[in-house]
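K.L.:
Provided below for reference: sequence and predicted model.
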Amino acid sequence: MVNRVWLLTWTTYGTWLPGDDRGFVCNVRDGGGPEVRHNSPGTPYDARQRGLTIAARQQMSGDPVWLSADQARILVDQFQETAAFRGWALLALAIMANHVHLVVGVPDDPEPESLLRDFKSYGSRKLNARFGKPASGTWWTASGSRRKLPDEHAVQAAIRYVQNQQRPLVVWVRA
């Protein structure tokens, strides 16, 4: 029985760096003080910070990863398999060249980071087996966004959001 639904989002390695012109979500410490979190509803994205982007790019261990349509199709199958194996209900997904959105229902209340980790990990294994590891050694950035959807209205809004992504390689919605 599903009693929690999450919208999970993550980016491919190196394609949306801290300081990005499009805005970005980053947890930072300001002058050694408490961590400032920018991933809550109603919290604005951080604005462009060119120096932060340059510093992040210099730390990269390989080129940015851009997914192909073939890779996206493989990921759809793997994400469906992962959800079924874990007893989760995959409700919708969209895979773009540089990021992924999933709407997934789960029983009980597992740590959302574990949901994200499982999808990314099993997806990486499948991509590695078929295409080899990317030069950076990873397909994805660390972590990602984990938004708990509080009610059916929010779930339906998240599914519409995922369905209406611009330039998707693939979109899938549970019938």
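P.N.:
Yep, it's here.

K.L.:
residue boundaries of the helices in the protein?
P.N.:
50-58, 69-86, 112-131, 152-163 (DSSP state H).

K.L.:
mind checking which of those helices is nearest Trp139?
P.N.:
helix 112-131 (5.1 Å; Cβ to Cβ). Every residue, glycine included, has its C-beta placed from N, CA and C.

K.L.:
That closest one - what's its average pLDDT?
P.N.:
Averaged over helix 112-131, pLDDT sits at 97.

K.L.:
quick one, that helix and helix 69-86 angle?
P.N.:
Following axes from the mean of the first three to the mean of the last three Cα atoms, to 10 degrees, one obtains 130 degrees for the angle between helix 112-131 and helix 69-86.

K.L.:
Return the set of buried residues in helix 112-131.
P.N.:
Across helix 112-131, burial judged by 16 or more other Cβ atoms under 10 Å covers Pro112, Leu115, Leu116, Asp118, Phe119, Lys120, Tyr122, Gly123, Ser124, Lys126, Leu127.

K.L.:
And these, which is closest to Asn164?
P.N.:
Among those, Phe119 lies closest to Asn164 (Cβ to Cβ), at 21.0 Å.

K.L.:
Save the buried residues of helix 112-131 as JSON lines, and put in distance to Leu93 too.
P.N.:
Shown next, in JSON lines, are these (distance: Cβ to Cβ, whole Å):
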{"residue": "Pro112", "distance to Leu93": "16"}
{"residue": "Leu115", "distance to Leu93": "13"}
{"residue": "Leu116", "distance to Leu93": "13"}
{"residue": "Asp118", "distance to Leu93": "14"}
{"residue": "Phe119", "distance to Leu93": "9"}
{"residue": "Lys120", "distance to Leu93": "13"}
{"residue": "Tyr122", "distance to Leu93": "14"}
{"residue": "Gly123", "distance to Leu93": "11"}
{"residue": "Ser124", "distance to Leu93": "16"}
{"residue": "Lys126", "distance to Leu93": "14"}
{"residue": "Leu127", "distance to Leu93": "15"}
